[in-house]
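Enquirer: kindly return the folded structure for what I paste below:
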Amino acid sequence: MGVARSDAKKGEELLIGSLEGVVELELGDLLVLQLPSEISGGSRNADLLLASRAIKGLKFGEIAAGDVVGEVVADRMGMRLTLVHAPVQATLNALSKGLDVLFLGAHESTEEMIGAIERLKNQTGYSISHKVIDLGKK
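Expert: The predicted structure is shown next:
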């Protein structure tokens with residue numbers, strides 16, 4: 001509940017104050033495909049068959065790559081990246097709006113992504129459902 005602070009016509013912004021209550025957010029789900037680092041062979045040592053199986057039948061509102069390895073794998077799999085600038089922050093923004101996101105990257109990038117999710121949970125209490133799949137060839 002809130003109180004309008006000014007008049008507004010249809011289509012104009014409206015300042016609202018004295019807000020009360022709780023708004024429940026529906027957060028998106030995150031699938032992280034963790035790839036070998038460049039020094040470990042990068043995209044050349046990524047298990048693309050496992051990646052294809054992992055995403056089969058899933059729909060993502062956004063696709064992000066945390067680094068060059070993620071970009072190359074996304075390209076090799078025929079995926080178009082939709083979040084290209086500040087991928088970790090852009091992924092958090094998309095998840096907060098209820099979009100499911102696929103995030104590809106080597107260990108350092110994926111750890112940064114998971115760390116951002118953990119910090120968000122600690123600061124706000126919001127828990128984002130996420131799964132990490134290691135695509136390094138064994």
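
Enquirer: distance of residue 121 from residue 70?
Expert: Using CB to CB, to the nearest Å, we find residue 121 at a distance of 23 Å from residue 70. Glycine gets a C-beta too; all of them are placed from N, C-alpha and C.

Enquirer: now do residue 43
Expert: Using CB to CB, residue 43 is found at 9 Å from residue 70.

Enquirer: same thing with residue 92?
Expert: Relative to residue 70, and taking CB to CB, residue 92 is found at 16 Å.

Enquirer: same check on residue 115?
Expert: For residue 115 relative to residue 70 (CB to CB), the value is 16 Å.

Enquirer: between the two, which is the more surrounded one?
Expert: residue 70 (28 against 11; other CB atoms under 10 Å).

Enquirer: next, that one: secondary structure please.
Expert: helix (DSSP: H, G, I helix; E, B strand; the rest coil).

Enquirer: which stretches in the chain count as helices?
Expert: 48-55, 68-76, 87-96, 107-124 (DSSP state H).

Enquirer: so who does the residue nearest the centre of the chain touch?
Expert: Nearest residue to the geometric centre of the chain (CA atoms, centre = their mean): residue 91, 3.2 Å. If a contact means CB atoms under 8 Å, 6 or more residues apart in numbering, then residue 91 has 30, 62, 64, 83, 101, 103, 113, 116 as its contacts.

Enquirer: rerun at 6 Å
Expert: By CB atoms under 6 Å, 6 or more residues apart in numbering, the residues touching residue 91 are 64, 101, 103.

Enquirer: buried subset of these, written for PyMOL?
Expert: Listed next is the PyMOL selection for buried residues among those, using 16 or more other CB atoms under 10 Å:
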select buried, resi 64+101+103
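
Enquirer: redo the contacts of residue 91 as JSON lines? Include distance to residue 128 and pLDDT.
Expert: As requested, those are exported to JSON lines (distance: CB to CB, whole Å; pLDDT from 0 to 100):
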{"residue": "64", "distance to residue 128": "14", "pLDDT": "98"}
{"residue": "101", "distance to residue 128": "9", "pLDDT": "98"}
{"residue": "103", "distance to residue 128": "11", "pLDDT": "98"}
